[in-house]
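Student: predicted coordinates and the sequence they were generated for:
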Amino acid sequence: MGFLWTGIIIFSYFFIFFVIATIIKNNSIVDIGWGLGFVITAWILMIIYGFTIEKLVVNILVSLWGLRLFYHIMKRNLFKDEDFRYKAWRKAWGKWVVPRAFFQIFMLQGLFMFIVGISVFYINIYGFTDGFHLSVLGWVTLIIADLLWLFGYLFEVIGDRQLRKHIANPNKEQKLMTKGLWQYTRHPNYFGEAVIWWALALMVVAGSDLISLFVFISPIVITFLLRFVSGVPMLEKRMSKSPGWDQYAKKTNAFFPWFKR
């Protein structure tokens with residue numbers, strides 16, 4: 001029943017975004033709702049299934065990530081024209097844009113949110129098996145997970161901040177951002193986000209039974225999406241048109257950070 005409630009909450013959330021997007025003819029507002037959706041769903045589930053310390057900790061961490069991402073994308077996209085990707089789909093879909101947007105943008109986004117957030121939703125429904133009475137291995141795993149989450153969060157935040165400063169600099173030498181964390185990976189913000197979800201799944205496993213191992217589907221899916229579907233490939237299609245791209249791409253890893261080749 002817990003995951004049924006999760007599905008109902010997520011469906012309702014994205015249905016509201018779909019209605020608004022249809023009225024203002026801007027489907028790209030779905031991006032604004034991504035981070036916030038995890039936050040809202042997590043807290044509602046905790047209200048339904050009861051408060052525990054571990055749920056509170058996880059929800060605070062999810063809120064730090066989700067609310068920052070929500071604000072970051074809202075500040076960048078709100079009151080602006082529809083993003084180029086959604087404009088292309090609108091043109092391609094023609095008279096079928098409304099039903100196709102409903103299923104292929106909003107409901108598909110909802111499905112991905114359900115899968116990616118399954119570790120967070122699981123802990124808000126079931127909590128730790130024995131509360132905070134963990135084994136030594138459980139505590140070690142939990143501490144590692146917390147440090148991993150902090151690393152991923154800082155990596156994403158610093159990467160985004162460095163990019164914003166670069167874009168705002170009128171005296172920059174080149175359009176591409178190739179300094180700071182961006183000299184080790186072409187997408188530090190995407191890498192940081194993937195690490196966050198690996199850490200959250202590890203937190204769940206630290207205090208739960210072996211059956212909870214299925215929650216690792218969450219980081220696996222988000223890592224795959226960011227690296228091979230909606231993250232790196234779509235952004236690099238635009239980045240590849242910038243001067244100096246070939247040299248940058250040749251020397252710098254696409255996703256996992258490493259020293260320049």
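Tutor: Great, that's in hand.
Student: residues contacting the nearest residue to Q174 once chain neighbours are set aside?
Tutor: Excluding the flanking residues, the one nearest Q174 by Cβ to Cβ, 6 or more residues apart in numbering is G244, at 5.5 Å. The C-beta positions use only the backbone N, C-alpha and C, and glycine is treated the same way. Each residue near G244 by Cβ atoms under 8 Å, 6 or more residues apart in numbering is listed here: Q174, K175, L176, T178.
Student: what's the pLDDT at G244?
Tutor: According to the prediction, G244 has pLDDT 88.
Student: buried ones among the contacts of G244?
Tutor: L176, T178 (16 or more other Cβ atoms under 10 Å).
Student: could I get the contacts of G244 as CSV with distance to R68?
Tutor: As requested, the contacts of G244 are exported to CSV (distance: Cβ to Cβ, whole Å):
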residue, distance to R68
Q174, 28
K175, 25
L176, 24
T178, 24
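Student: which one of the contacts of G244 is nearest R161?
Tutor: Proximity of the contacts of G244 to R161 (Cβ to Cβ) peaks at T178, which lies at 15.7 Å.
Student: just flag the most distant two among the contacts of G244.
Tutor: K175 and T178 (10.1 Å).
Student: check contacts around the residue most central in space within the chain.
Tutor: The C-alpha lying nearest the average C-alpha coordinate of the chain belongs to E193 (Cα atoms, centre = their mean; 5.8 Å). Shown in contact with E193 (Cβ under 8 Å, 6+ apart): W65, G152, E156, I222, L226.
Student: of these, keep whichever come out buried.
Tutor: Buried among the contacts of E193 by 16+ other Cβ under 10 Å: W65, G152, E156, I222, L226.
Student: burial of the nearest residue to M107 once chain neighbours are set aside, as a residue count?
Tutor: Of all residues beyond its chain neighbours, the one nearest M107 is F14 (6.6 Å), with distances taken as Cβ to Cβ, 6+ apart. Neighbourhood size, F14 [other Cβ atoms under 10 Å]: 24.
Student: list the contacts of the one helix or strand F14 maps to.
Tutor: Assigned by DSSP states H and E, F14 belongs to helix 2-24. Helix 2-24 is touched from outside by 27, 29-30, 33, 37, 40-41, 44-45, 48-49, 98, 101-102, 105-107, 109-110, 113-114, 121, 125-126, with contacts defined as Cβ under 8 Å, 6+ apart.
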